[in-house]
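> I'll drop the sequence and a predicted model, then ask my questions.
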There are 2 protein chains.
Amino acid sequence: MNAVYCTILTIGDELLIGQTIDTNSAWMAQQLNPLGIQIKRRVAVGDVRIDMLEAMQEELQRTDILLITGGLGPTNDDITKGVLCEFFNTKLITDAATDSWVREIFEKRNRPILQINLDQALVPEKALVLPNKVGTAPGLLFTQEQKTIVAMPGVPFEMQYLMTEHVIPYLKEKYQTPNFLHRTVVTSGEGESFIATRLIEFEAALPDNIKLAYLPKLGVVKLRLTGREVSETSLNALFVDLIRRLGPIVVSTQDEDLEYTISRILHEQGKTLALAESCTGGAIASLFTAIKGASTIFKGSAVTYRNEVKKTLLDVTSIDDMNQTTVSENLAKEMAEQVRLKMKADYGLGIVGYLEKHDHDNSVWVAVSTAEKTVTKHFYTYYDRSKNIIFASTMALNFLLKQVEA
Amino acid sequence: MNAVYCTILTIGDELLIGQTIDTNSAWMAQQLNPLGIQIKRRVAVGDVRIDMLEAMQEELQRTDILLITGGLGPTNDDITKGVLCEFFNTKLITDAATDSWVREIFEKRNRPILQINLDQALVPEKALVLPNKVGTAPGLLFTQEQKTIVAMPGVPFEMQYLMTEHVIPYLKEKYQTPNFLHRTVVTSGEGESFIATRLIEFEAALPDNIKLAYLPKLGVVKLRLTGREVSETSLNALFVDLIRRLGPIVVSTQDEDLEYTISRILHEQGKTLALAESCTGGAIASLFTAIKGASTIFKGSAVTYRNEVKKTLLDVTSIDDMNQTTVSENLAKEMAEQVRLKMKADYGLGIVGYLEKHDHDNSVWVAVSTAEKTVTKHFYTYYDRSKNIIFASTMALNFLLKQVEA
């Protein structure tokens, strides 16, 4: 069976001058991959008519599906609809359904409706209109021979709504795709190159239709097995072998972030967690609270950035009276214990450290406290401030995971 | 003067299956833009030899500068160096400087060195080697006629190091670029389409070399004026006019995020801030702590996710004894006042709300407390959980900014 290829074309100057980070493409790829639709290329161009036409022309020659996002808004810099009309040699007409929907929205929020809002109902005559119930700009679907072209707004949740409600069901229906399977294992504690060396034999023995990819991140390395037209059973057999070879560095055998793994386990155990964050400054808390239903396992975090706050909020004793950063094993321990007691949690995690070189020191101390015992871990940060926050959070979560699994 | 064009080519399957979000392109664009180098296109392809060759071929035809990231790592799926040799018809040789640098690193961290680490010193003979002092894979610079091609690792901080230390100085030296100026104003409180309607005259009167772009985000709309070959003075004049027309919805006249504006003002005032976060769960705290030197203005955040913790940590009284979410103006007020007192801060901010529909309610209450008074604001959330966290944080920061400016 032939692979079905897709190109994602994102439109907007803001993407080219770096004012916006493109998160849409990754999301779309995640949705299409399980369908066996392969993203062959991702292309971004500015709000420039000729560049848009050129890109659509070129990409359509090498792909089956072209998904376009951006430039469907109501303002002058949104020229996608006009360009689509030119490309498909058609004209704009009013779509009655969209027109009444737009009016409905503005009545609901009782705000006066403007002409440019009503213009959202103008659509290319040759387009199949995909209703957008979370915004005013509908999706526009075109077909050319066997190919599918869809234009969607660039606003992430509008694009996501249109993909989920309309585009994905349409593509599932229309295309016969080869079966792709992925298995991802998350590791921590060993560098990419060390892992690769241990896996030389394993990689050499892989059949042509199965591929191993390394995805290093700060503090973790994800390894992904991708099989094309393989059975669950045979891929799983290889996956088990991979996990066995990786041994103790395996953190999770699901492609999920550490906070999800931890939440899952705590939920099963009916246990709760409280944090006392200094250097990570709320970063770990926001990882947990981003998870739906977090409150069943997550009690809260004392983000005690300044030393005086560590005292007033957590009554820790192991810091001097000056308001200078202090990093010690005892402090991390005290924070973990105190926050566990104050928030009446089963697990308390305390973390304190330097995000930037401090008298040539860049240590971080993490402590995890339970009713039985408090254990600590020490490590150094190597990167810049923002990376160190991610790195320290990841290391802390790795350490916490080991304790909740124990 | 002719514009100088650049294409960013990112390489890696992880970008195409959506396992990684491409933050490199945005960063690179931000650096190149002030140099007057225009990013014409951004292209992402997988770790596929033929796709890489095709992309390099095509993009070089329409750009002056081709910046490539990814696939320079030590593992088997990193094939960029081989493809570069093929493309430039050259072979791999050992770079002495890189070789000794790699050995040095592994000695420092005293870890055994592996062959695949040493292989990092293999570089295409025709390449100018750009030393990488934050990693093992050097940058590789090629020239073809007047064009420049640079390959860098995909690891963000390694790419950033190579760009800053080597690539940007090289490009500045080599290319004469037209002058581009940007002015960005951040607004909040009015939708994109309303703003656009108020600016119809303004936009119509803009000269051809000046462009206005709308950048809507959750809770804010940024407007960006871009001038090509204009004087500071004339662009500033237009910018002042724009700000005047926008009036009260202007939040900041610098392209900076709200937390930076607030930190700057508090720093000037010598005032401090303490947070009590419920629904935002540490998201606001991590915005502030991501700023270097945050501790001068930021005391900490009580992330009181569960009600019982609001009591134990903040002694708030206006919640019932059940551990169910409670959202009220009084609660937000109490949280703001208590956290200000407990952390001995000048400003206390309290926020409580629903991230998902709760008995058909999706209210959020924000309160900002000072020694003089406590003020509150109420709003609704419209999006999904993760968007609502960003939206609520933004609304809270907008409200806080108004108070610190008052």
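Now that the structure is in, tell me what you want to look at. Numbers count the residues shown, from 1 in each chain, chains lettered A, B, ... in the order given.

> May I ask you to confirm that residue A:64 is in contact with residue A:32?
No: the pair residue A:64 / residue A:32 is not scored as a contact, 11.4 Å apart, by C-beta atoms under 8 Å. For every residue, glycine as well, the C-beta is placed using N, CA and C.

> got any residues that touch both of the two?
Both residue A:64 and residue A:32 are contacted by residue A:6, under the criterion C-beta atoms under 8 Å, 6 or more residues apart in numbering or on different chains.

> which of those two has more neighbours?
residue A:32 (25 against 22; other C-beta atoms under 10 Å in any protein chain shown).

> Name the nearest residue to the more buried one, ignoring sequence neighbours.
residue A:6 (5.9 Å; C-beta to C-beta, 6 or more residues apart in numbering or on different chains).

> What's the first helix or strand after whichever strand or helix holds the one you found?
Under the criterion of DSSP states H and E, residue A:6 resides in strand A:4-11. For strand A:4-11, the succeeding helix or strand toward the C-terminus, using DSSP H and E, is helix A:13-16.

> avg pLDDT for that following helix?
Averaging pLDDT along helix A:13-16 gives 83.

> Touching that helix from outside, list them.
Contacts for helix A:13-16 (C-beta under 8 Å, 6+ apart): A:20, A:22, A:44-47, A:70, A:77, B:25-26, B:29, B:38-42, B:211, B:213, B:215, B:224, B:226.

> Run through the strands of the stretch 201-350 of chain A in chain order.
Taking DSSP state E, counting those that start in this stretch as the test, the strands found in the stretch 201-350 of chain A are A:210-217, A:220-228, A:250-252, A:273-277, A:298-304, A:347-353.

> Distance from the fourth one to the middle of the chain?
Averaged C-alpha coordinates place strand A:273-277 at 23 Å from its chain's average position (C-alpha atoms, centre = their mean, to the nearest Å).

> The host helix or strand of residue A:38 packs against which elements?
Using DSSP H and E, residue A:38 maps to strand A:37-45. Packing partners of strand A:37-45 (3 or more C-beta pairs under 8 Å, 6 or more residues apart in numbering or on different chains; DSSP states H and E): strand A:4-11, helix A:13-16, helix A:24-32, helix A:49-62, helix B:13-16, strand B:37-45, helix B:49-62.

> what lines up beside the helix or strand that the last one is followed by in the sheet?
Spelled out, that is helix B:49-62. Next helix or strand after helix B:49-62 toward the C-terminus (DSSP H and E): strand B:65-69. Based on DSSP bridges, the pairing partners of strand B:65-69 within the sheet are strand B:4-11 (parallel), strand B:147-152 (parallel).

> what's in contact with strand B:65-69?
So strand B:65-69 is contacted by B:4-11, B:24, B:28, B:37, B:56, B:59-60, B:80, B:147-154, B:159, B:167, B:171, B:175 (C-beta under 8 Å, 6+ apart).

> any idea of the mean pLDDT in that strand?
97.

> now stretch A:210-225
Per-residue scores along stretch A:210-225 average to 85.

> And stretch A:383-402, by the same measure?
90.

> what's the offset of it from the middle of its chain?
17 Å.

> buried stuff in that stretch?
A:383-385, A:387-401 (16 or more other C-beta atoms under 10 Å in any protein chain shown).

> Up against chain B, what does the stretch 51-200 of chain A have?
When proximity is defined by C-beta under 8 Å from any C-beta of the partner chain, the stretch 51-200 of chain A lies next to chain B at A:51, A:55, A:58, A:73-77, A:111, A:114-117, A:155-157, A:182, A:184, A:191-194, A:196-197.

> Now stretch A:21-38 - C-alpha only, CSV.
Extracted in CSV, the C-alpha atoms of stretch A:21-38 (Å, rounded to 0.1, in the frame of the first residue of the first chain):
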residue,chain,number,x,y,z
ILE,A,21,6.3,29.9,17.8
ASP,A,22,4.5,27.4,15.5
THR,A,23,2.8,24.9,17.8
ASN,A,24,0.1,24.0,15.3
SER,A,25,2.3,21.9,13.1
ALA,A,26,3.3,19.6,15.9
TRP,A,27,-0.3,19.2,17.1
MET,A,28,-1.5,18.4,13.6
ALA,A,29,1.3,15.9,13.0
GLN,A,30,0.4,14.1,16.3
GLN,A,31,-3.2,13.8,15.0
LEU,A,32,-2.3,12.6,11.5
ASN,A,33,0.4,10.2,12.5
PRO,A,34,-1.8,7.5,14.0
LEU,A,35,-3.9,7.6,10.8
GLY,A,36,-0.7,6.5,8.9
ILE,A,37,-0.6,9.9,7.1
GLN,A,38,3.1,10.9,6.9
